[in-house]
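>>> just a sequence and a predicted model for now, questions to come.
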Amino acid sequence: MGTKTQKKKTPLNFYRHSEVLQIGKDLLGQTLFTRFDGKLTGGMIIETESYMGAEDKACHAYGNRKTQRTRVMFENGGVAYVYLCYGIHHLFNIVTHKAGIPHAILVRAISPTHGIETMLKRRKKTKLSPSLTNGPGTVTQALGIHTRHSGVSLISDQIWLEKGLEINPDHILCSPRIGVAYAEEHALLPWRFHLADRHKNWFENNSSIT
DNA sequence: TTCCCGATTTACT
DNA sequence: GTAAATCGGGAAA
């Protein structure tokens, strides 16, 4: 199964041969897919945050802190890192760089494109609105991603990416990351990336974003 | 083993 | 706008 999407999957070298800030931007416009229980869901990535491993105080792997939870960040790029936040929310990250370098990128928002009925059901909603997938916790709930998926390969048939829109760099906004005030001098680094005029295009024809 | 607290969301007022 | 909900990770003991 999946022969049609198979060849379109974003390849592992995409995650391993660029720098985490660049990949954070390059993820914008790509489509993130999941297929659980035969249900395909997906959406275009419109907001990310990069976490630069050992040197980044906001990163779980700061100082090469290696625990059962962060272990997956040290794997070769192209796997999922999913952890629980505030005891409630499962947050999905993409591990990048080579094995031993714990870089990762948090996916903060997507614009729903595939399996919207399924996502509405998972979110216990009846109507399409921005809140379906406009935050890191809502994205994972809509896509069915759980901490049990931490470590899953991004060329698997469960979670993967596909190339989407080419984004004009002028349309990428950079700002400080959310909720990392504790990271001291690293708290204000502009490592959050999102598409300009995203609200205008949220559920509309995405081709107008380029 | 205990304790503190957070890459947040939602439901209120 | 403000606050409650909720629980696993990590550090200390």
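Happy to help now that I have it.

>>> residues contacting residue A:192?
Applying CB atoms under 8 Å, 6 or more residues apart in numbering to residue A:192 gives the contacts A:47, A:48, A:49, A:108, A:174, A:175, A:176, A:177, A:178. Every residue, glycine included, has its C-beta placed from N, CA and C.

>>> among those, which ones are in strands?
With strands defined by DSSP state E, the entries of those inside them are A:47, A:48, A:49, A:108, A:174, A:175.

>>> give me the contact list for stretch A:134-153.
Contacting residues not belonging to stretch A:134-153 are listed as A:32, A:34, A:36, A:39, A:41-43, A:69, A:72, A:75, A:78-85, A:88-92, A:106-110, A:112, A:118-119, A:122-123, A:131-133, A:158-159 [CB under 8 Å, 6+ apart].

>>> and DNA strand B, which of those contact it?
Filtering the contacts of stretch A:134-153 for proximity to DNA strand B by CB under 7 Å from any atom of the strand leaves A:81, A:83, A:84, A:85, A:88, A:89, A:91, A:106, A:123, A:131.

>>> could you find the closest non-adjacent residue to the fourth one?
Once flanking residues are discounted, residue A:85 sits nearest to residue A:91: 5.2 Å by CB to CB, 6 or more residues apart in numbering.

>>> tell me where chain A has strands.
A:31-36, A:39-52, A:80-85, A:89-96, A:103-114, A:159-162, A:172-175, A:192-195.

>>> now the fifth one against strand A:31-36, angle please.
Read that as strand A:103-114. Orientation check (axes from the mean of the first three to the mean of the last three CA atoms, to 10 degrees): strand A:103-114 against strand A:31-36 gives 80 degrees.

>>> return the distance of strand A:103-114 from the chain's centre.
Here the centre of mass of C-alpha atoms in strand A:103-114, compared against the chain's by CA atoms, centre = their mean, to the nearest Å, lies 3 Å away.

>>> per-residue confidence averaged over it?
Average pLDDT, strand A:103-114: 96.

>>> does that strand reach DNA strand C?
No: under the criterion of CB under 7 Å from any atom of the strand, DNA strand C is not reached by strand A:103-114; the shortest gap measures 12.5 Å.

>>> what is the burial count for the closest residue to residue A:115 other than its chain neighbours?
Counting by CB to CB, 6+ apart, residue A:115 lies nearest to residue A:41, which is 3.5 Å off, once chain neighbours are set aside. Neighbour count for residue A:41, taken as other CB atoms under 10 Å: 24.

>>> what of residue A:39?
By other CB under 10 Å, the residues close to residue A:39 number 16.

>>> shouldn't it be in contact with residue A:117?
No: under the criterion of CB atoms under 8 Å, residue A:39 makes no contact with residue A:117, lying 9.2 Å away.

>>> what residues do the two have in common as contacts?
When CB under 8 Å, 6+ apart defines a contact, no residue borders residue A:39 and residue A:117 alike.

>>> any idea how far stretch A:112-122 is from the chain center?
Counting by CA atoms, centre = their mean, stretch A:112-122 comes out at 17 Å from the chain centroid.

>>> and what of stretch A:23-30?
Worked out by CA atoms, centre = their mean, stretch A:23-30 lies 9 Å from the chain centre.
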